[in-house]
Structure formats: C-alpha cells, structure tokens
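1. next come a sequence and a model predicted from it.
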Amino acid sequence: MEQTGMKAFLKKKNVNITVQTYLIDALGAMAFGLFASLLIGTIFATIGEKSGIELFQVIADYAKSATGAALGVAIAYALKAPQLVLFSAATVGIAGNALGGPVGALVSTIIATELGKIVSKETRVDILVTPGLTIISGVLVAQFAGPGIAKFMDAFGMMVKTATEMQPFFMGILVSALIGIALTLPISSAAICIALTLDGLAGGAAVAGCCAQMVGFAVLSFRENGVGGLLAQGLGTSMLQMGNIVKNPKIWIAPTLASMITGPIATVVFGITCIHTASGMGTCGLVGPIGIYTSMGGGSSMWLGILLVCFLLPAVLTWIIGEGMRKIGWIKPRDLKLDL
C-alpha cells in the first residue's frame, strides 16, 4: 500500500500516531481509570480502617482489584476505540498492569487498541477477529515488555526517593516543582507518581507541589473567577488554567515559586510523607491530604503540616507573589479568567 493510501487508511480507522494522542490523551484518561479504581479504593480503605466499618474495606478491595481493567478501558476510550476493542481492552489492561504496572498497562493497551481498530469490521467474523487480535497482541506486549517496564519504573522511583531522603531540601524543591508542573500540564501527575511508586518524603514533596498549583491558582484567580473558580481549581484541577498559561506563561510563575518553597518545608520542617496513590493528586477531592493522613497516621505535627503545606502557605505565597506581578504588569486583568 502506498504511503498516501496508508495514511488514508489509518485516518479512516481513526489511528492518530501523535504525541497528543498517546502522551496527553491516553495518559490523561489513565488518570481517570486510576481514580475510578485504585485511588477511590485507597480512600475507602482509609475510611474503613479508621472507622472500623468493614464494608468500606470490602468495597476498597473490589475497587483496587479492578485497576487493570479500569486502566485498559479508560485508555481505549481515549483512543476512540470501537465497542469490541473497548471491551477487550479490559483484559489487556489487567495483563499490562499485572506484569508492568500502570505504564505497562498504558503501553500494552495503546498497541492493542490501535491494532484492534485497524482490523475492526474488516472481516465477516469481526466478533472473533477484533477481540482476538486485541487481546492476543496486548497480552503478548505485556508479557515481553511489562517486566522490563516495571523494573525501570521501580528503579527510577527508588532513585528519586533515595535522593529525597539524602537531600530533602534540594530534592524537596525539585520534586515539588516538577510534579506540580506535571499536575497543571495536560498530562497526569497522579499516573506519574503511581508509576514511580512515589511515596515517603518524595511523596510528601510531590503532594506539596500539587497543592501549591491547585490552591495557588485558585487564590490567584479569585478576583477573575470568584467562588466557582476557587472550588473548580482548588478541589478540581489547576489544568483549567492551561489555556491561559499558553497565552501568558508568566501567570505560572507564582504557584511554581510557591511550590519550590512548600516542597522543602514539607520534607525538612514537617517530614511529611504520603502514599504513592495520592501524592500526585494535590487537593483534588482532598485526596492528597487523605494520603498524608494514611501514610502518617495522625499527630499534631502532621495536622499542622497539612494545614500549612497543603492550604495556607500555597494561598498566601501565591497571592503575595501574584500581587507583585500584577503591579509590574506581568499579570493583566482577565489573564486568569476561566469560562466556567
């Protein structure tokens, strides 16, 4: 098939081989799959443990066991898979997650979904061919690539965690800033932290950075967006500001500087730790603070750390920096306005 013909065929099959498709759309959907299974399961497990209500633990176990399937379906849905491919992706996600973790599920499901889309409705026995090829290709990718992916992600995550323990101040700055930036970008900080198993002090720095972005933008843009914007960004996502950041990147300075201050405060002053399933979530649904509580178990120092690092300091620091930027003209009226 000629190159032009191949491009036309792939376009007809809705196969778009782009960075946007695989590293933004698929990775973003992966976060939703994680939230609908592993993350919500972790929250229920914490509630069950602290309340003594066994039903929450039972629900948590079921939710966590569905992680692979949820990842597969979410990623395939983001790739606009037809029905048979979408449903088959559940099996692929289970295999990919079991053998290679979330990134293994991502790689396996992307390849399997695209192959499934190519053969979808191309034969008279579509009900056998499409799910068959989707599942076989996905499981084979998981078996061959999954273990290597898992080892690499574990090793890289361990390197970050070890470096944070050895240099909590400097790594607190670095991890907080980078994970916070990832949260605001149209990629998934939650998926990154879970893939790297970013817990302990590194998890504490990560959640500090995410909270700085979310609470920071919520407060910074309050005069433009009011209470609705405060809640949408503070409890939802700072990703809402991405369009405005493209127009004026300087609006990103204040919350990012705030994250570089709160990160080392989290690691050095309060010794905040967080579980990896929550460290990339920030204040979204209060998952980050819940993850800190799950990791640390309580205590006055922990509560003070959560109050300051997750809420008060990001709000105050970003507001102060932002006001200075408004005075020198780096932030202009309506630069932070959202269409809510």
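-> Arrived safely.
2. so residue 209 touches residue 184, yeah?
-> No - Residue 209 lies out of contact with residue 184 (Cβ atoms under 8 Å); the separation is 9.9 Å. Using the backbone N, CA and C atoms, a C-beta is placed for each residue, glycine as well.
3. okay, the two: which has more neighbours?
-> Using other Cβ atoms under 10 Å as the criterion, residue 209 and residue 184 rank with residue 209 on top: 36 against 26.
4. secondary structure element for the more buried one?
-> Per DSSP states H and E: residue 209 is located in helix 200-220.
5. taking the mean pLDDT, what do you get for the lengthiest helix in the chain?
-> With DSSP state H setting the assignment, residue counts place helix 126-166 as the longest helix in the chain. Helix 126-166 shows a mean pLDDT of 93.
6. stretch 263-272 now?
-> In this model, stretch 263-272 has an average pLDDT of 96.
7. what about that stretch, start to end distance?
-> 10 Å (Cα to Cα, to the nearest Å).
8. and the contacts of that stretch?
-> Residues outside stretch 263-272 that contact it (Cβ atoms under 8 Å, 6 or more residues apart in numbering): 164, 168-177, 201, 204-205, 207-209, 212, 292, 296, 301-302, 304-306, 308-309, 313.
9. sorry, back to before: any buried residues in the helix holding residue 209, and which?
-> By 16 or more other Cβ atoms under 10 Å, the buried positions in helix 200-220 come out as 200-220.
10. against residue 319, how distant is residue 280?
-> 24 Å (Cβ to Cβ, to the nearest Å).
11. let me redo that: residue 229
-> Distance, residue 229 to residue 319, by Cβ to Cβ: 14 Å.
12. with residue 295 instead?
-> From residue 295 over to residue 319 the distance is 29 Å, taken as Cβ to Cβ.
13. cool, and residue 71?
-> According to Cβ to Cβ, residue 71 and residue 319 sit 38 Å apart.
14. ok, the two, which is more surrounded?
-> Using other Cβ under 10 Å as the criterion, residue 71 and residue 319 rank with residue 71 on top: 34 against 16.
15. helices and strands around the helix or strand hosting that one, which ones?
-> In this assignment (DSSP H and E), residue 71 forms part of helix 67-78. If you count contacts as 3 or more Cβ pairs under 8 Å, 6 or more residues apart in numbering; DSSP states H and E, helix 67-78 packs onto helix 26-34, helix 83-119.
16. and the last one, how far from the chain's centre?
-> Relative to its chain's centre, helix 83-119 lies at 19 Å (Cα atoms, centre = their mean, to the nearest Å).
17. can you pull the phi/psi pair for residue 335?
-> phi -60, psi -30 (degrees, to the nearest 10).
18. look at the most far-flung residue of the chain relative to its centre and give its secondary structure.
-> Residue farthest from the centre of the chain, counting by Cα atoms, centre = their mean, is residue 124 at 40.1 Å. The local conformation at residue 124, judged by DSSP: H, G, I helix; E, B strand; the rest coil, is coil.
19. which residues touch it?
-> Contacts of residue 124 (Cβ under 8 Å, 6+ apart): none.
20. kindly provide the distance from it to residue 130.
-> Taken as Cβ to Cβ, the span from residue 124 to residue 130 is 12 Å.
21. and residue 88, by the same measure?
-> Here the criterion is Cβ to Cβ. By it, residue 88 lies 7 Å from residue 130.
22. try residue 168
-> Separation of residue 168 from residue 130 (Cβ to Cβ) stands at 51 Å.
23. please say which of those two ends up with more neighbours.
-> Shown here are residue 168 and residue 130; by other Cβ under 10 Å, residue 130 has more neighbours (26 against 22).
24. doesn't residue 113 make contact with the more buried one?
-> No - checked against Cβ under 8 Å, the pair residue 130 and residue 113 is beyond contact range at 10.9 Å.
25. what touches both of these two?
-> residue 85.
26. let me see the contact set for residue 163.
-> Going by Cβ under 8 Å, 6+ apart, residue 163 touches residue 171.
27. since that was my last question, I'll sign off now.
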